[in-house]
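*Asks:* Structure of the sequence below:
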Amino acid sequence: MNPVSMEFLRQQVELSELLLAGRQSMFEPQDLPGRYGRVVKSLDRVLEMMDCPSVLAGGWAVWRHGYHGRLTQDLDVVLPADRIGEFLRVASVSGFSVISSQLGRWPKAIHKDTDIKVDILPEGERPGTKSNPAPTTIPHPSAMGASGPTLKYVRLPALIELKLAAGRGRDEADVIELVRSNPEQVDSIRVHLVNAHADYVIGFDRLVERAAEQDDE
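*Replies:* Numbers count the residues shown, from 1 in each chain. Below is the predicted model of the structure:
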């Protein structure tokens with residue numbers, strides 16, 4: 001692991017301050033500040049050339065939906081299964097370098113101007129780990145909030161589904177914070193999960209209880 005530099009820490013503090021100041025006005029991925037906003041605009045150009053829908057998931061979606069202490073270095077985008085090859089070809093001549101991936105690994109790209117990594121979440125792939133794969137696959141972006149050929153944030157219920165499917169400790173921690181930030185949406189999220197898979201409902205109810213315990217402390 002590379003040591004954390006003072007320059008990296010400075011950038012993180014500056015980013016944190018910008019996000020804190022803009023949390024009431026940065027409603028779309030295109031509103032993100034600095035390097036991250038530039039990557040989103042570059043992604044939009046690729047998506048527009050392809051006329052392809054996509055949603056932004058991962059840590060930035062967690063931030064957008066209310067967990068304002070969440071910072072991340074990468075962008076996670078969900079793409080339709082039948083458009084990934086085309087996306088990689090167009091991106092490779094539109095400011096991105098495609099990272100060669102091992103068999104079974106999901107595609108990645110690097111934005112040349114900012115050195116920010118873009119992780120691609122392919123529709124139809126199964127999240128989780130080898131020892132604990134998710135019971136469902138990643139939905140089509142249009143079922144998660146995509147609208148037209150510009151990047152949109154994934155809807156909160158779909159984001160919770162992705163987090164439960166991933167099943168890692170940090171994903172569960174994100175769900176707890178999202179529940180604490182959006183208590184009025186717990187019922188609608190649960191309805192969404194009922195239609196996704198029973199295992200997600202069980203996991204979600206457990207994390208809702210943990211969120212309530214933290215609120216009582």
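*Asks:* Number of residues surrounding the closest residue in space to residue 114 that isn't next to it in sequence?
*Replies:* Of all residues not flanking residue 114 in the chain, residue 35 sits nearest, at 4.1 Å (CB to CB, 6 or more residues apart in numbering). Heads up, the C-betas are built off the backbone N, CA and C, glycines and all. Using other CB atoms under 10 Å, residue 35 is surrounded by 15 other residues.
*Asks:* Please name every helix or strand in contact with the longest helix anywhere in the chain.
*Replies:* Longest helix in the chain, counting residues (DSSP state H): helix 198-216. Judged by 3 or more CB pairs under 8 Å, 6 or more residues apart in numbering; DSSP states H and E, helix 198-216 is in contact with helix 156-166, helix 169-181, helix 186-196.
*Asks:* let's see it at 6 Å
*Replies:* helix 169-181, helix 186-196 (3 or more CB pairs under 6 Å, 6 or more residues apart in numbering; DSSP states H and E).
*Asks:* Go through these and pick out the most buried.
*Replies:* Mean neighbours per residue, mean count of other CB atoms under 10 Å, is largest over the helices and strands packed on helix 198-216 for helix 169-181, with a mean of 18.
*Asks:* So residue 117: helix, strand or coil?
*Replies:* What DSSP: H, G, I helix; E, B strand; the rest coil gives for residue 117 is strand.
*Asks:* What is the burial count for the residue lying closest to it once chain neighbours are set aside?
*Replies:* Counting by CB to CB, 6+ apart, residue 74 is the residue found nearest to residue 117 once chain neighbours are left out, at 4.6 Å. When neighbours are defined as other CB under 10 Å, residue 74 has 16 of them.
*Asks:* And residue 74, how close does it get to residue 189?
*Replies:* According to CB to CB, to the nearest Å, residue 74 and residue 189 sit 25 Å apart.
*Asks:* For residue 111, list each beta-bridge partner.
*Replies:* Listed by DSSP bridges, the beta-bridge partners for residue 111 are residue 96, residue 116.
*Asks:* Give me the secondary structure label for residue 77.
*Replies:* strand.
*Asks:* now the helix or strand where the residue nearest to residue 114 lies and strand 75-79, what's the angle there?
*Replies:* Here residue 35, judged by DSSP states H and E, is contained in helix 34-50. Calculated by axes from the mean of the first three to the mean of the last three CA atoms, to 10 degrees, helix 34-50 forms an angle of 10 degrees with strand 75-79.
*Asks:* So which other helices or strands are in contact with the helix or strand just after helix 34-50?
*Replies:* Going down the chain from helix 34-50, the next helix or strand is strand 55-57, by DSSP H and E. With contacts defined as 3+ CB pairs under 6 Å, 6+ apart, the packing partners of strand 55-57 are strand 75-79.
*Asks:* So, low pLDDT: which residues of the chain?
*Replies:* Within the chain, the stretches with pLDDT under 70 are 1-25, 217.
*Asks:* rerun at 50
*Replies:* Scanning the chain for pLDDT under 50 picks out 1-2, 9.
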